[in-house]
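**Q** need a 3D model of the sequence below.
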Amino acid sequence: MKQITATGQTVDEAVESALAQLETTKDRAEISIINEGKKGIFGIFGSKPAVVKVTVKIDPIEEAAAFLQKVVDSMGVSAKIDIKRNGKNVTFNLTGEKLAILIGKRGQTLNSLQYLTQLVVNRVSNQYVNIIIDAENYRGRREETLVLLAERLALKAIRTKQDVPLEPMPSYERKVIHTALVNNKKVKTFSAGADPNRHIVISPQR
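**A** Alright, predicted model coming up:
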């Protein structure tokens with residue numbers, strides 16, 4: 001956390017001095033007035049400078065992005081992070097080379113990066129932030145695959161009249177399965193097990 005104490009003939013001067021030293025702006029800082037100062041006689045004798053303490057506010061998104069960039073760099077991958085904010089939902093889109101390393105088998109590495117970045121952002125944020133990390137449009141392609149998988153296994157559940165369990169998935173992927181089959185009156189879906197083995201079960205309506 002960047003913090004500095006500065007002085008000036010007035011509070012405004014002290015604040016401007018602190019902001020310049022911290023290389024930040026007023027809207028991104030917390031300002032505490034320690035002493036409002038005193039002009040003194042003829043503006044000279046007995047005068048006291050104004051004293052302020054200025055602290056740079058932590059931007060949770062920038063903090064999370066810096067963490068993610070550090071991890072990606074440590075993996076030997078040259079990638080740029082593009083940030084898209086939509087309320088409490090924030091997407092970090094990775095672009096660059098060798099992104100398959102960051103995606104991993106069935107997106108497992110990407111999911112792990114997303115989980116860790118989620119922890120970082122919500123450790124310093126005053127309100128819950130949902131982080132999504134994507135690379136090479138993997139999330140979009142994965143969602144299409146999951147929808148097709150859901151439809152195929154729903155047919156299997158109907159044909160065999162037995163429950164069909166799916167492989168363990170993170171919560172947002174389970175939601176894709178639920179949503180894909182919500183209007184299918186011949187099956188129902190529910191989650192079973194505990195993380196990291198929590199999974200969807202597609203069950204025929206009896």
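**Q** how is the protein partitioned into domains?
**A** According to automatic domain parsing, the chain comprises the domains 3-56, 60-136, 141-204.
**Q** need these in a markdown table (columns: mean pLDDT and mean neighbour count).
**A** Where C-beta positions appear, they are placed from N, C-alpha and C, glycine not excepted. Below are the domains of the chain laid out as a markdown table (pLDDT from 0 to 100; neighbours: other C-beta atoms under 10 Å):
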| stretch | mean pLDDT | mean neighbour count |
| --- | --- | --- |
| domain 3-56 | 80 | 14 |
| domain 60-136 | 92 | 16 |
| domain 141-204 | 94 | 15 |
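**Q** beta partners of the most centrally placed residue in the chain?
**A** Note on the chain: the residue nearest the mean C-alpha position is Ile131, at 3.2 Å, using C-alpha atoms, centre = their mean. Residues in a beta bridge with Ile131, per DSSP bridges, are Val90.
**Q** just confirm it contacts Leu113, I think it does.
**A** No. Using C-beta atoms under 8 Å, Ile131 is not in contact with Leu113; the gap is 9.5 Å.
**Q** ramachandran angles for the residue nearest to Ala29 when sequence neighbours are not counted?
**A** In space, and not counting its chain neighbours, Ala29 is closest to Val54: 5.2 Å by C-beta to C-beta, 6 or more residues apart in numbering. Torsion angles at Val54 (phi, psi; degrees, to the nearest 10) stand at phi -120, psi 130.
**Q** same check on Ala29?
**A** Given degrees, to the nearest 10, the pair of backbone angles that Ala29 has is phi -140, psi 150.
**Q** what of Asn137?
**A** phi 60, psi 30.
**Q** how about Asp163?
**A** The phi/psi pair for Asp163 (degrees, to the nearest 10) is phi -70, psi 140.
**Q** for it, what are its contacts?
**A** Asp163 makes contact with Ala157, Val201, Ile202, Ser203, Pro204 under the criterion C-beta atoms under 8 Å, 6 or more residues apart in numbering.
**Q** ok, residues contacting the longest helix seen in the chain?
**A** In the chain, taking DSSP state H as the definition, the longest helix is helix 138-160. Here helix 138-160 makes contact (C-beta under 8 Å, 6+ apart) with 103, 107, 110, 132, 134, 163-164, 166, 173, 176-177, 180-181, 184, 186-187, 202-204.
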